[in-house]
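[1] Make a model of this:
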Amino acid sequence: MQMNPLGRTGLMVSELCLGSMTWGTQNTESAGHAQIDRALSAGINFIDAAEMYPVNPLSAETQGRTEEIIGTWFAQTGRREDVILATKHSGKGYKHVRSGAPITAQSIPEAIEGSLKRLQTDHIDLYQFHWPNRGSYMFRQNWRFDPSSQDREDTRAHMEETLDALAAEVKRGTIRHFGLSNESAWGTSEWLRIAEGRGAPRVASIQNEYSLLCRLYDTDLAELSVNEDVGLLSFSPLAAGLLTGKYQNGAVPEGSRMAINGDLGGRKSERAFAATQAYLDLAAEHGIDPVHMALAWCRTRPFMASAIFGATTMDQLDRALGSVAVTLDEHLLRAIDHTHKAHPMPY
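    Numbers count the residues shown, from 1 in each chain. Now for the predicted structure:
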């Protein structure tokens with residue numbers, strides 16, 4: 001398992017990160033524990049969670065259950081120091097967490113204490129803001145994204161206040177490092193600039209969507225990542241399951257994400273299926289599992305810290321883990337670029 005630096009933190013994280021967002025809905029506690037055991041035995045040292053998880057579906061009844069499942073694994077195994085643990089503070093608008101309140105200096109200690117209690121630990125290695133209060137172009141919002149109503153000075157004041165609150169938590173020992181999620185290049189640059197000026201926690205990573213089908217990050221954020229040592233933690237590197245091929249030709253497997261939420265968060269479209277087929281054909285032509293191709297390709301990106309994948313079965317987990325033994329040759333990488341040019345922005 002390749003290890004990559006997590007920004008300038010000094011931590012090294014595995015090239016694959018075990019995502020946990022289905023633990024508590026699609027996965028039981030015992031299944032979640034089994035996944036952690038298998039992942040760690042394969043060399044993964046990185047687990048990502050969020051206070052709002054699990055999903056599929058989101059509900060007030062299950063909110064926080066994912067962190068609880070990780071917490072009971074820590075309690076039963078005593079292996080907290082074997083894991084680099086990431087979780088997230090929910091942002092404005094999610095009604096099941098603090099009634100949809102935004103991220104504030106006041107909410108940060110409360111949110112951290114809740115996560116620590118559920119996780120049964122005394123610290124979080126990477127504490128992330130799930131999405132900006134001001135809004136985000138992620139999750140297909142880029143088609144109509146309009147920042148013209150934003151107030152720059154209010155945004156900067158928010159950044160100053162919350163960075164000070166994070167600094168207090170670092171001093172208290174409850175968190176070690178800070179990351180962003182669903183952020184933009186401008187937002188990340190402001191977080192970096194303000195943190196440097198205040199001696200506050202520096203952004204270590206950005207968790208944004210990135211896959212063969214979703215390459216928004218290849219533009220301005222890629223350059224920022226490389227030059228500022230802010231690594232990408234890519235979520236949905238298999239495009240919510242599209243790149244496995246399981247949804248082609250109208251198939252909707254029972255219990256799958258598409259069976260539960262229908263359009264895969266806006267990813268389902270004829271163009272997405274056509275692009276997926278092109279990548280499936282490319283993988284077949286080169287005699288490679290398309291899951292292995294998609295995950296191994298992530299490893300080649302110069303800004304990648306870790307690709308976050310999730311699984312609802314142990315077979316899916318083992319299939320993803322198999323990607324670490326795969327290296328893509330230059331001929332295949334050029335073919336992937338050609339396919340991307342033929343199928344840009346499919347959703």
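[2] Show me the strands in the stretch 151-300 of the chain, by range?
    Counting by DSSP state E, counting those that start in this stretch, the segments of the stretch 151-300 of the chain that form strands are 175-181, 203-207, 231-235.
[3] Which one, of those strands, ends up nearest to Asp220?
    With C-beta to C-beta as the measure, strand 203-207 is the member of the strands of the stretch 151-300 of the chain nearest Asp220 (11.8 Å). (Each C-beta comes from the backbone N, C-alpha and C, glycine too.)
[4] Rounded mean pLDDT for that closest one, please.
    Averaging pLDDT along strand 203-207 yields 98.
[5] how far is it from where the chain is centred?
    A distance of 10 Å separates the centroid of the chain from that of strand 203-207, by C-alpha atoms, centre = their mean, to the nearest Å.
[6] contact partners of it?
    Contact with strand 203-207 is made by 6-9, 48, 88, 126, 128, 177-183, 188, 191-192, 195, 221, 225, 228, 230-235, 305, 308, as judged by C-beta atoms under 8 Å, 6 or more residues apart in numbering.
[7] In space, what's closest to Ser234 - neighbours in sequence excluded?
    Excluding the flanking residues, the one nearest Ser234 by C-beta to C-beta, 6 or more residues apart in numbering is Tyr210, at 3.7 Å.
[8] Surely the one you found and Cys298 touch.
    Yes. Because the distance of 7.3 Å satisfies C-beta atoms under 8 Å, Tyr210 is recorded as touching Cys298.
[9] Could you report the distance from Thr219 to Ser148?
    Thr219 sits at a distance of 20 Å from Ser148 (criterion: C-beta to C-beta, to the nearest Å).
[10] Show me which of the two is the more surrounded one.
    Comparing Thr219 with Ser148 by other C-beta atoms under 10 Å, the one with more neighbours is Thr219, at 10 against 4.
[11] For the nearest residue to that one once chain neighbours are set aside, give me its contacts.
    Nearest residue to Thr219 in three dimensions, chain neighbours excluded: Ala185, at 8.0 Å (C-beta to C-beta, 6+ apart). When contacts are counted by C-beta under 8 Å, 6+ apart, Ala185 is found next to 219-221, 224.
[12] Likewise for Phe309?
    When the contact criterion is C-beta under 8 Å, 6+ apart, the partners of Phe309 are 16-19, 237-238, 295, 320.
[13] tell me the mean pLDDT for the helix ranked longest in the chain?
    Among the segments of the chain that qualify as a helix by DSSP state H, the longest is helix 152-172. Helix 152-172 shows an average pLDDT of 98 in the prediction.
[14] So which bits of that helix are buried?
    Of the residues in helix 152-172, those buried under the neighbour-count criterion (16 or more other C-beta atoms under 10 Å) are 155, 158-160, 162-163, 165-167, 169-170.
[15] Could you name the helices and strands sitting against it?
    Using 3 or more C-beta pairs under 8 Å, 6 or more residues apart in numbering; DSSP states H and E as the contact criterion, the elements in contact with helix 152-172 are helix 107-119, strand 124-129, strand 175-181, helix 185-198.
[16] Mean pLDDT and distance to Asn142 for these - can I get that in TSV?
    Formatted as TSV, the entries for the helices and strands packed on helix 152-172 read as follows, by pLDDT from 0 to 100; distance: least, C-beta to C-beta, whole Å:
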stretch	mean pLDDT	distance to Asn142
helix 107-119	98	27
strand 124-129	99	19
strand 175-181	98	16
helix 185-198	98	13
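[17] Buried ones in stretch 8-28, by neighbour count?
    9, 11, 13-27.
[18] what are the C-alpha coordinates of it, in CSV please?
    The C-alpha trace of stretch 8-28 is given here as CSV (Å, rounded to 0.1, in the frame of the first residue of the first chain):
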residue,chain,number,x,y,z
ARG,A,8,2.3,19.4,5.8
THR,A,9,1.0,17.6,8.9
GLY,A,10,3.8,15.0,8.9
LEU,A,11,1.2,12.2,8.7
MET,A,12,1.4,9.6,6.0
VAL,A,13,-1.9,8.2,4.8
SER,A,14,-2.6,5.1,2.7
GLU,A,15,-3.5,5.7,-1.0
LEU,A,16,-6.9,4.2,-0.2
CYS,A,17,-9.1,5.5,2.6
LEU,A,18,-11.9,3.4,4.0
GLY,A,19,-15.2,5.3,3.7
SER,A,20,-17.9,4.6,6.3
MET,A,21,-21.0,6.5,5.2
THR,A,22,-23.2,3.4,4.8
TRP,A,23,-22.4,1.9,8.3
GLY,A,24,-25.7,2.0,10.2
THR,A,25,-28.0,1.8,7.2
GLN,A,26,-26.8,-0.5,4.4
ASN,A,27,-24.2,-2.1,6.8
THR,A,28,-24.6,-3.4,10.3
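[19] Reformat the strands of the stretch 151-300 of the chain as CSV; add distance to Arg65 and mean neighbour count.
    Below are these laid out as CSV (distance: least, C-beta to C-beta, whole Å; neighbours: other C-beta atoms under 10 Å):
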stretch, distance to Arg65, mean neighbour count
strand 175-181, 20, 24
strand 203-207, 20, 28
strand 231-235, 19, 25
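[20] Which among those strands is found nearest to Ile84?
    Ranking the strands of the stretch 151-300 of the chain by proximity to Ile84 (C-beta to C-beta) places strand 175-181 first, at 9.3 Å.
[21] relative orientation of that closest one and helix 185-198 in degrees?
    150 degrees (axes from the mean of the first three to the mean of the last three C-alpha atoms, to 10 degrees).
[22] other SSEs contacting strand 175-181?
    Helices and strands touching strand 175-181, by 3+ C-beta pairs under 8 Å, 6+ apart, are strand 124-129, helix 152-172, helix 185-198, strand 203-207.
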